[in-house]
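**Q** Fold the following and give me the result.
(2 chains)
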Amino acid sequence: MPTSPQGFALQTCFYYLHGFQTACSFNTNALAMDPIHFAKATIASVIPAAYQNNFVQSATLNTGLPLNTGDLAVNTFLDLLNNYRPLQTYVGGYLQSLAVAPFPAGTLTAFSNALASSAFPGGSAGGQWKIVLAGLTESSPQIMPPTCFSPLQQIKVGMALDAPGAVMSTVIALIAGLG
Amino acid sequence: MKSLLQAGSYALVVLGFALGLTQAVSMVAVAQSPANPPAAAAAPDKPPVLTVKEQSVVRYPSLEPMDTILVYFADPKQPLAYPVFDAVNQAVNNDHWDCLSPDFYQVQIVDSPPRNPPRKVGIRDIAAAGLDMRTGKPFSGCDGAGDPGSISLILSSRVGSKDKLQVTIYHDKEHKNVLAQSDGTLTLSSSKQFTSSGTMQSQPGEALTNGKSRDVGQMTLALADTDLFRGSPLNFYAKSTDLFSTDERDSKSAFLATFGAQRDLVTRVYSPVQLEERIQGNQVATNLSAVTSLSVSLLMPWSRSAPVFNNSAISAPLAPQLALAGLYTHRIHQLVTAKSPLLSVDDFSLNPTFSVSSITVPATCKVFAWLGKMGQPKPPAPAPGAPAAPAPSPSPYCVGSTIDLGAWYLPLDLTTAKTQRFEGYGDASILLPLAGFGMFSRLFPYMTSSDPVKTQIQIKYSDSVNAANNYARSRGWSFGFLALK
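**A** Sure thing, here's the model as predicted:
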């Protein structure tokens, strides 16, 4: 289990996403999808109207979220997750908890607007950012499923982190967008 | 990921907790961040705007429908700003603050000031939304790291469906320092416990109780009050479903008035117990009876039933439902016809039922994949050396089925052979998604586009008995198209 409460909170997002996927037991294709493809699959293509109630009941049991069929009007399962548990907020919280002082003691709003270079000195090559990557991808069990934060996406995020004048909200949005 | 799977299956075990909204709020185990500044110091002059939403909730174990407001701490509407999230996570550092205590919240009806001054609405309970994946139970308090992301405020007072509500969170029980406040525009549009509906139709060639038939007009009426006594440990309800005809001999005419009370038997499993009194008969009461029933239903725990109902052979998204009802019937009037013989004045019956819906048979997906390709142009052979085209995805929708089984055991009602009466009944449907047939997709693109089970062929066999009509039996096949908008 992740040691920090923020890491656990972020992992819970993917636990709920998996709960949505398990609730699609009527669609064998959806069950077989890897987490990133399921997260970005359009709900209308996976859940036929006839199965919406089944999905809502089952997903509510799996996650405890107070879902209803009206929630299924959003485009993707990632959007559905974001409606109840905005991934960007929890990614931000996790990054904030691992940033250099004084950011962990401040607010997420302030951290989100901070320069990436001040939150993670050394950028993607810095020791603090390596701790972030290790936490997201290497700890057991992983906070994010490997396909939701692929090596290619890690490079993109690293480039965003290293960009001159980059603010943390850009980095947060890139990770929360999954890829 | 393995742990996610394990946690997911465990979450299903705690069905009652998943829907439960009655957890104690005293067990607040918070993981505080000691480095965070004190809450009071961070309280801004203008409080952050709280995002709130209407929510439909049935309270366990009383099964009482509740007016509920979902309050977001992690705000999905403000992806780039986190004022409420920050304020809540900092307030956790205040040992006296509890995000699951009603003392720190206020709900007011704020419409039309100053003519109608704000009126407070009572808060009965607060429940965290979402399961704690470590325990499989709802979160027991705010941890300062973003959990729970939202909470449900369960109101104890009734509000009108047009009342505008404002939710305020305070730093203190005295309600002096505001932590966050909603914009005061929320309405609970579904906040009504009484519903009614009626439809009128003409029915050509309707069968009459005298064996003849004629054209009649019919009106169906449905009335329901889902919560007669608010705040009771049991849910009391009343409803009526009727069909009135222009001809009193219409075999379909029916009157059914129900008064009942219900409560969940076991909090961890959906297991409502119902005591009901029903008055049923036809519209002129030539057939009239009073039925007292005590029933218990059980949605089988998914952890136990999943291996049986969700495996490689069959796949059901939900557990089957079992029910057992004991009915005492006092027949005040009976309409004796050729199809419905005279029954005893007093009767007792046991009615076990079993229903399972939306079963699919994964093996049939391959058949549908083959049917879907029928008539489709054959893909061109890949050029020598070119990579092979990816294999087509198998059809996700297969042959579906629903099954309902039941029986009436009537120990006091003897047959002509002087044996105790037992009437079994049931129906089974086979559902074939039209999109699975390639030729239909080309002929009727609208009926099969975007939603593979929008239109299904239904083949149904039913063998039913009508308890409201002296257990008259009817059986037969039916074929049709089930179309969803």
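**Q** which residues of chain A score low on pLDDT?
**A** Regions of chain A meeting the criterion pLDDT under 70 cover residues A:1-3, A:50, A:139-141.
**Q** State which helix of it is the longest.
**A** Longest among the helix segments of chain A by residue count, using DSSP state H, is helix A:5-22.
**Q** Which secondary structure elements does it sit against?
**A** If contacts are counted by 3 or more Cβ pairs under 8 Å, 6 or more residues apart in numbering or on different chains; DSSP states H and E, helix A:5-22 sits against helix A:28-32, helix A:35-40, helix A:52-63, helix A:77-84, helix A:87-98, helix B:2-13. All C-beta spots, glycine's among them, are computed from the backbone N, C-alpha and C.
**Q** buried ones in it?
**A** For helix A:5-22, burial by neighbour count (16 or more other Cβ atoms under 10 Å in any protein chain shown) applies to A:5-22.
**Q** Pipe the helices and strands packed on helix A:5-22 into TSV and attach mean neighbour count per row.
**A** Output for the helices and strands packed on helix A:5-22, formatted as TSV (neighbours: other Cβ atoms under 10 Å in any protein chain shown):
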stretch	mean neighbour count
helix A:28-32	18
helix A:35-40	20
helix A:52-63	22
helix A:77-84	21
helix A:87-98	26
helix B:2-13	18
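**Q** want to throw the ones you listed into TSV with distance to residue A:111?
**A** Listed next are the helices and strands packed on helix A:5-22 as TSV, based on distance: least, Cβ to Cβ, whole Å:
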stretch	distance to residue A:111
helix A:28-32	35
helix A:35-40	25
helix A:52-63	27
helix A:77-84	19
helix A:87-98	4
helix B:2-13	27
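**Q** can you tell which of those is closest to residue B:334?
**A** Closest to residue B:334 of the helices and strands packed on helix A:5-22, according to Cβ to Cβ: helix A:52-63, at 39.0 Å.
**Q** can you list the domains in chain A?
**A** For chain A, automatic domain parsing gives the domain ranges A:5-84, A:87-176.
**Q** And those domains: which comes nearest residue B:194?
**A** Within the domains of chain A, the stretch nearest residue B:194 is domain A:5-84; the backing value is 21.1 Å (Cβ to Cβ).
**Q** can you tell me the distance between the two ends of that closest one?
**A** Taking Cα to Cα, to the nearest Å as the measure, domain A:5-84 stretches 19 Å from start to finish.
**Q** what separates it from the chain centre, distance-wise?
**A** In terms of Cα atoms, centre = their mean, to the nearest Å, the centre of domain A:5-84 is set 13 Å apart from its chain centre.
**Q** quick one: low-confidence parts of the stretch 251-400 of chain B?
**A** Flagging of the stretch 251-400 of chain B using pLDDT under 70 yields the residue ranges B:268, B:302-303, B:317-318, B:358, B:366, B:368-397.
**Q** Could you pull out the strands in it for me?
**A** Ranges of strands in the stretch 251-400 of chain B, per DSSP state E, counting those that start in this stretch, are B:254-264, B:272-281, B:288-299, B:321-333, B:346-360, B:400-414.
**Q** Can you lay out those as TSV showing mean neighbour count and distance to chain A?
**A** Output for the strands of the stretch 251-400 of chain B, formatted as TSV (neighbours: other Cβ atoms under 10 Å in any protein chain shown; distance: least, Cβ to the nearest Cβ, whole Å):
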stretch	mean neighbour count	distance to chain A
strand B:254-264	18	15
strand B:272-281	18	15
strand B:288-299	17	10
strand B:321-333	16	12
strand B:346-360	18	6
strand B:400-414	17	8
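**Q** mind putting the ones you listed in CSV, distance to residue A:111 included?
**A** CSV is the format used below for these (distance: least, Cβ to Cβ, whole Å):
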stretch, distance to residue A:111
strand B:254-264, 44
strand B:272-281, 48
strand B:288-299, 44
strand B:321-333, 49
strand B:346-360, 46
strand B:400-414, 49
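**Q** Are stretch B:163-173 and chain A in contact anywhere?
**A** No - Stretch B:163-173 stays out of contact with chain A when judged by Cβ under 8 Å from any Cβ of the partner chain, the minimum separation being 15.8 Å.
**Q** which residues sit against that stretch?
**A** Contacting residues not belonging to stretch B:163-173 are listed as B:39-40, B:43, B:47, B:50, B:52, B:69, B:71, B:88, B:91, B:94, B:96-97, B:103-111, B:118, B:121, B:153, B:159, B:175-188 [Cβ atoms under 8 Å, 6 or more residues apart in numbering or on different chains].
**Q** burial count for residue B:212?
**A** Neighbour count of residue B:212, defined by other Cβ atoms under 10 Å in any protein chain shown: 9.
**Q** For it, grab phi and psi.
**A** Residue B:212 adopts backbone torsions of phi -90, psi -180, taken as degrees, to the nearest 10.
**Q** So for residue B:77, which of the domains of chain A sits nearest?
**A** Comparing the domains of chain A against residue B:77 with Cβ to Cβ, the closest turns out to be domain A:5-84 (9.5 Å).
**Q** Show me what the closest residue in space to residue B:330 that isn't next to it in sequence is bridged to.
**A** Once flanking residues are discounted, residue B:330 sits nearest to residue B:290: 4.8 Å by Cβ to Cβ, 6 or more residues apart in numbering or on different chains. Beta-bridge partners for residue B:290, by DSSP bridges, are residue B:279, residue B:330.
**Q** For residue B:290, give me its contacts.
**A** Going by Cβ under 8 Å, 6+ apart, residue B:290 touches B:277, B:278, B:279, B:329, B:330, B:332.
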